[in-house]
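>>> Need a 3D model of the sequence below.
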Amino acid sequence: MRKLVPHKISHRPVFFARSPVLTGQSSIHKSTDFLKSIRNLIQSGKKSLVILDIDDTLMLTLGYKKTLEKRQSGYASDFWFRTIWQQLDLKSPEYEKLCMMLVAEYCTVQQHVNHTTTHDDILTALRELNSANIPFVGLTARSARLNVFTTQRLRELNILFSGYNDFPLTLKVDKKNVLDDNAVYAHGVIYCSGLSKKDCFMAFRETETGQNILKEAKQILFMDDGHRHCKDMLDGLSQLEVKPIIIHYTHVADNLPVATRAEMQADAHQLALDKQLTLHFK
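Predicted structure coming up:
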């Protein structure tokens, strides 16, 4: 076997004798136009699958839409929180329990709600995927499921993720700690519970539901605001006999303000005074 000799170009070594490129090898593209990315896929006319991050990319977790304020900070200033809070029955014996559930849910996604919107063109894109019979699934690092308000709203909009199932399906993904939550597939969304998105998708691919969704796909579009997730998914999808289309979706500016712990505590305290309720904020 001949010895590989590096040839320097711009001070970077390049080896000319290399292993064959993996099937479907691609690269990561950057986009700020969600609808255009989806329409480009539809117009290709190829059998496809779309995988979408549901936190910063879609924000379907809350169905949240940003108000006109320049800064969202804490509970009281957030449109979603105030809207749901106002729906709670003050006279209900379950009122305090519901309040605590609401606070817990909000804390889970507080880092996202300050700088993420659900634009109308995203809902348009999902409808167009439905019309084109292109399956799409959600993929999130979270463990918390889509809440009842979101699932109800999606049904009203006639939007369902592909392979929608009422009962969670546990995915076979190795965990670092036996006490960690399992990765699951429920309501058309893969919940990774902090595990690798690539590993969770590959595990989903081995399930009957995953095989049914993937069996005719010639290309897979993956969109995520996290470059690390895009790189991992590119590595995983490049091993499959499909064309991977990886888009690092950046529809939000960097370094937008997020509520501090002190601000959240202050807002929680103010809400407690307004509602005459003791909230134990940890």
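>>> Could you list the low-pLDDT ranges of the protein?
1-26, 55-84, 103-120, 147-150, 153, 177-180, 251-282 (pLDDT under 70).
>>> for it, what spans make up the strands?
7-9, 12-14, 28-31, 48-53, 136-140, 169-170, 184-186, 189-191, 219-224, 243-249 (DSSP state E).
>>> can you redo those strands as JSON lines with mean neighbour count?
Every C-beta, even on glycine, is put in place using the N, C-alpha and C of the backbone. Listed next are the strands of the chain as JSON lines, based on neighbours: other CB atoms under 10 Å:
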{"stretch": "strand 7-9", "mean neighbour count": "8"}
{"stretch": "strand 12-14", "mean neighbour count": "9"}
{"stretch": "strand 28-31", "mean neighbour count": "13"}
{"stretch": "strand 48-53", "mean neighbour count": "24"}
{"stretch": "strand 136-140", "mean neighbour count": "24"}
{"stretch": "strand 169-170", "mean neighbour count": "14"}
{"stretch": "strand 184-186", "mean neighbour count": "22"}
{"stretch": "strand 189-191", "mean neighbour count": "24"}
{"stretch": "strand 219-224", "mean neighbour count": "24"}
{"stretch": "strand 243-249", "mean neighbour count": "22"}
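>>> Can I get those in a markdown table including distance to Glu208?
Listed next are the strands of the chain as a markdown table, based on distance: least, CB to CB, whole Å:
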| stretch | distance to Glu208 |
| --- | --- |
| strand 7-9 | 49 |
| strand 12-14 | 44 |
| strand 28-31 | 31 |
| strand 48-53 | 16 |
| strand 136-140 | 14 |
| strand 169-170 | 9 |
| strand 184-186 | 11 |
| strand 189-191 | 15 |
| strand 219-224 | 19 |
| strand 243-249 | 23 |
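>>> Ok, which of these comes nearest Ile159?
strand 136-140 (9.6 Å; CB to CB).
>>> Sheet partners, orientation included, of the closest one?
strand 48-53 (parallel), strand 189-191 (parallel) (DSSP bridges).
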